[in-house]
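Q: Give me coordinates for this.
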Amino acid sequence: MPALTEGHLSPALIGRHLSPICTPTPEGGTKVTVVPLLHALRTPGGGFIGTSGVGAGAVAFIFAMLENSPPDLQMVPATAQDYDEFVSMSAGIHGGLDSRVFRYLLWLKDPLRKMFLAKSEGKVVGFLCFMLVDDGTTAVADGLRVAPWMRGRGVAKALQKFCLDNLHSNHPTVTKIRFFLGPKDIEPAVLNKYHLLNSKALISVVIPYEQMEEKIKLLEHRLEGVGGRRPLVALSPSEVLRLFEDPCTMEGLLPKGLLIQSSLPVSIRRSNLELLFRQGVVWFYSQPSASPKSSDASEVHVAPDITESRSHDSAPTHQEPSSPNVAPLTCSSCLPSPSTLSCSPCGFLSLGTPPFPVPLGGGMYRFDIDLFGTDPVSAQTHVLHQLIEMQRVLPAGTNVVFCMYAETSLCPELTRFCQAITPSHALGEQHLLDIDMSTLESYLSPQAQC
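A: I've put the predicted structure just below:
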């Protein structure tokens, strides 16, 4: 057999010369030590024995690879004591709009969400979490990140494998994992492995606090110029449940039957909807109308009742100068009956996430609007009403960047609609994918490295 050179080496070959040793830690985590088997083959003079068929250059290349890998990686559950290191490691992620910096401490109290850290030499170098949805049959992976000085050294894969093992051991009912990728990560090789469920355009716009009233009035004027306000209904929790009983809503508004709220994709199960109710999400629904400027259509601004017990993202913390939660209003809704909905097109739906602080600086808050539907005028109407509702609960003196997630066909219209408001950050896309647990396990095995 000819001697192997650096050019002949494959990750699978290198993987056969690595031996991960997993040791439980007193804190309940796992210590992962990557042991290079070839170290046992070194001679006193620095050469190698027992490496027939492997050239010296190839062996040296393997050691160069090993020296760039973390020799001592520990996987542990996230704790409040690790928060400062997590924030430091996350600096600059998502252009300062990273929501996890705010939500980390809240998620520690969430029984459905599990967060894990990778540590090297006692320092936080990686993070990954998952949330159980769909009555425990699906896990949503979220927030994967690796410290800049540790990237390309196997930390991300070790975290993914650790989370997969945790799901297998502690949540055997999970059969699928959902996750989001950005446009730079969508390549043919990725699409060959994972199922692409949905893609949406992302438009982010900044509004300084002192310009809020002016910008909203300008958007109102622009909306009147393109068709006026269409009938708009804000939904109470019971009305949301009734809305999704109609098959038209599922088929016409929700791709693959999934409701995507910010970075959380869920099926339309009651347990998932109740989760969103507890998070203070504001729901607006507009029924299609042959007369967009109809004056007899009532407009209602109703927010979820926050007197219910809350967990997850809406619980206030020390980071909030004042609570961003939505206060309830007492007014009746004009939601059409299911029979009326099923006889007409599916209308338009939007979800507004309560505003929360982000690391961008300058007292900046972020506000997400998820849009479901394809009608441009309806989309603009929903954006305006979500902004009006958001303004009611935004802390005084706070600047806001609002992020709109919409069908790609709506991107030109929404961009023109917001021309008076300076767009911030790059326009992009959000891609939702999923994979079966068994398939992912095979991809994460050492033999499948690529």
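Q: Can you identify the element that follows the helix or strand containing residue 76 toward the C-terminus?
A: Element membership of residue 76, judged by DSSP states H and E, is strand 72-77. The helix or strand immediately downstream of strand 72-77 is helix 83-89, counting by DSSP H and E.
Q: Show me what that next one is packed against.
A: Packing contacts for helix 83-89, counted by 3 or more Cβ pairs under 8 Å, 6 or more residues apart in numbering; DSSP states H and E, involve helix 100-107, strand 123-133. Using the backbone N, CA and C atoms, a C-beta is placed for each residue, glycine as well.
Q: buried set for the strand holding residue 76?
A: Going by neighbour count (16 or more other Cβ atoms under 10 Å), the buried part of strand 72-77 is 73-76.
Q: got the angle for that strand vs strand 123-133?
A: Angle, strand 72-77 to strand 123-133, by axes from the mean of the first three to the mean of the last three Cα atoms, to 10 degrees: 40 degrees.
Q: by contact count, what packs against strand 72-77?
A: By 3+ Cβ pairs under 8 Å, 6+ apart, strand 72-77 packs against strand 30-36, strand 113-120, helix 155-170.
Q: tell me the mean pLDDT for it?
A: On average, the pLDDT along strand 72-77 is 93.
Q: Report the strands that pair with it, each with its relative direction.
A: Counting by DSSP bridges, the strands paired with strand 72-77 are strand 30-36 (antiparallel), strand 113-120 (antiparallel).
Q: Tell me where the stretch 251-400 of the chain has strands.
A: Under the criterion DSSP state E, counting those that start in this stretch, the stretch 251-400 of the chain contains strands at 258-261, 264-267, 282-286, 348-352, 356-357, 364-372, 399-406.
Q: And for residue 122, the neighbour number?
A: Using other Cβ atoms under 10 Å, residue 122 has 8 neighbouring residues.
Q: Next up, phi/psi of it, please.
A: phi 80, psi 0 (degrees, to the nearest 10).
Q: Under the pLDDT cut-off, which ranges of the stretch 101-250 of the chain? List them.
A: Along the stretch 101-250 of the chain, the model assigns pLDDT under 70 to residues 227-231.
Q: Doesn't residue 238 lie inside a helix?
A: Yes. Looking at residue 238 with DSSP: H, G, I helix; E, B strand; the rest coil, it is inside a helix.
Q: hmm, back to that, can I get the strands of the stretch 251-400 of the chain in JSON lines with mean pLDDT, distance to residue 202 and mean neighbour count?
A: Formatted as JSON lines, these follow (pLDDT from 0 to 100; distance: least, Cβ to Cβ, whole Å; neighbours: other Cβ atoms under 10 Å):
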{"stretch": "strand 258-261", "mean pLDDT": "94", "distance to residue 202": "12", "mean neighbour count": "21"}
{"stretch": "strand 264-267", "mean pLDDT": "96", "distance to residue 202": "15", "mean neighbour count": "21"}
{"stretch": "strand 282-286", "mean pLDDT": "94", "distance to residue 202": "19", "mean neighbour count": "25"}
{"stretch": "strand 348-352", "mean pLDDT": "96", "distance to residue 202": "15", "mean neighbour count": "25"}
{"stretch": "strand 356-357", "mean pLDDT": "94", "distance to residue 202": "17", "mean neighbour count": "20"}
{"stretch": "strand 364-372", "mean pLDDT": "96", "distance to residue 202": "10", "mean neighbour count": "24"}
{"stretch": "strand 399-406", "mean pLDDT": "93", "distance to residue 202": "6", "mean neighbour count": "22"}
